[in-house]
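Undergrad: Give the three-dimensional model of this entry:
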Amino acid sequence: MDYDYSGFAALWAAMFGFTLFFGILFYVVGSFFLMKLFEKAGVQGGWRAWVPVYNLMVFYKLGDLSPWLVLYAIGGSILLSWAGIGFIFSLAFAVFSAIAAYRIGLKLQKEGAWVVLYIFLSLVWLGILGLDRSRWNQNVPPAQWAGNAFLGDRTVWDGVPPQAGAAPQGYGQQGYGQQGYGQPGYPQQGFGQPGHPQPGYPTQQPGYPTQQPGYPQAPGQPGYPAQPPAGAPVPPPAPAAPGGPVPPPAAPPAPPAAPPAAPPAPPSAPRPDGDEPPAGPVPPAPPAP
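TA: Presented below is the predicted three-dimensional model:
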């Protein structure tokens, strides 16, 4: 018994053409709405909304998610479909897309309930947010997963403005001091605050140089020669340069102080018989030099 498959083939061709037509129409309209949304977000170049896969990566980046999640989800769903677990990556892709749409809606002054419209009618959601009069708000608080190395956005692309909380690799995150630089309000290591001495170092008094133990004395002020310590020998004057003025002779050293005069001899005791010899002449004191 012969079967006629011409009618089945014609029906299959009609369904394929119908699906292809609406698929292309859906993609064109969705890319147009996505381009308008990118313009609100400050993305340079409308062509980014027309490139497959790449437009979703930019969409994730605007939604504070890592754009590489798109490649992970698509690659996992294709490569692991033979093992029967590819649907897990497809489900993860749908969840991440809803999260990105939620963050984008917040930046366009939309309530969180708008994400329900994106889940069921994503084309209508794109049309409303891309064509209405809402303005992009960059001051939305960072997402809770901004510091996560897997979910957070850490990419820097030319033409795509960085989002709040995005921290490129090699740079400090917003609100945290970078490595090698002190945070404002805290002294840097090795430098003391004005008015507070460092531990282990003497406090410097105003107008007096600080003398640290184990170091030579600081030089004198400019214009005043350093005074030698008391008791040190006076060096001879330096010879004058040929043809120059003759320096005055150095003052002679002061003579040593005179020794004190010897005290007078005490008087002799009186004799018992009262016959005292006459007192002899008192020798004069040696003259003072």
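Undergrad: ok, which stretches of the protein are helices?
TA: 6-41, 54-62, 68-79, 86-107, 114-120, 122-131 (DSSP state H).
Undergrad: any idea which of these is most buried?
TA: helix 54-62 (a mean of 22; mean count of other CB atoms under 10 Å). Any C-beta I mention is one placed from the backbone N, CA and C, and that applies to glycine too.
Undergrad: low-scoring stretches of the stretch 51-200 of the chain, by residue?
TA: 165-200 (pLDDT under 70).
Undergrad: please redo it, this time with the cut-off set to 90
TA: By pLDDT under 90, the low-scoring segments of the stretch 51-200 of the chain are 79-86, 112, 138-139, 146-147, 162-200.
Undergrad: returning to what we had before: how about the helices of the chain, which one is nearest residue 138?
TA: Across the helices of the chain, residue 138 has its closest neighbour in helix 86-107 (7.2 Å, CB to CB).
Undergrad: Now distance to residue 163 too, for the helices of the chain, in TSV please.
TA: Conversion of the helices of the chain to TSV gives the following (distance: least, CB to CB, whole Å):
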stretch	distance to residue 163
helix 6-41	9
helix 54-62	7
helix 68-79	15
helix 86-107	8
helix 114-120	18
helix 122-131	16
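Undergrad: Of all these, which one comes closest to residue 153?
TA: helix 54-62 (5.6 Å).
Undergrad: Now do that closest one: which elements does it pack against?
TA: helix 6-41, helix 68-79, helix 86-107 (3 or more CB pairs under 8 Å, 6 or more residues apart in numbering; DSSP states H and E).
Undergrad: Redo those as CSV? Include distance to residue 150.
TA: Shown next, in CSV, are those (distance: least, CB to CB, whole Å):
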stretch, distance to residue 150
helix 6-41, 23
helix 68-79, 8
helix 86-107, 11
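Undergrad: hmm, back to that, out of the helices of the chain, flag the one nearest residue 143.
TA: helix 86-107 (6.3 Å).
Undergrad: packing partners for that closest one?
TA: helix 6-41, helix 54-62, helix 68-79, helix 114-120, helix 122-131.
Undergrad: Go again with 7 Å.
TA: helix 54-62, helix 68-79, helix 114-120 (3 or more CB pairs under 7 Å, 6 or more residues apart in numbering; DSSP states H and E).
Undergrad: Which one of the helices and strands packed on helix 54-62 lies nearest to residue 137?
TA: helix 86-107 (5.1 Å).
Undergrad: Alright, calling it a day.
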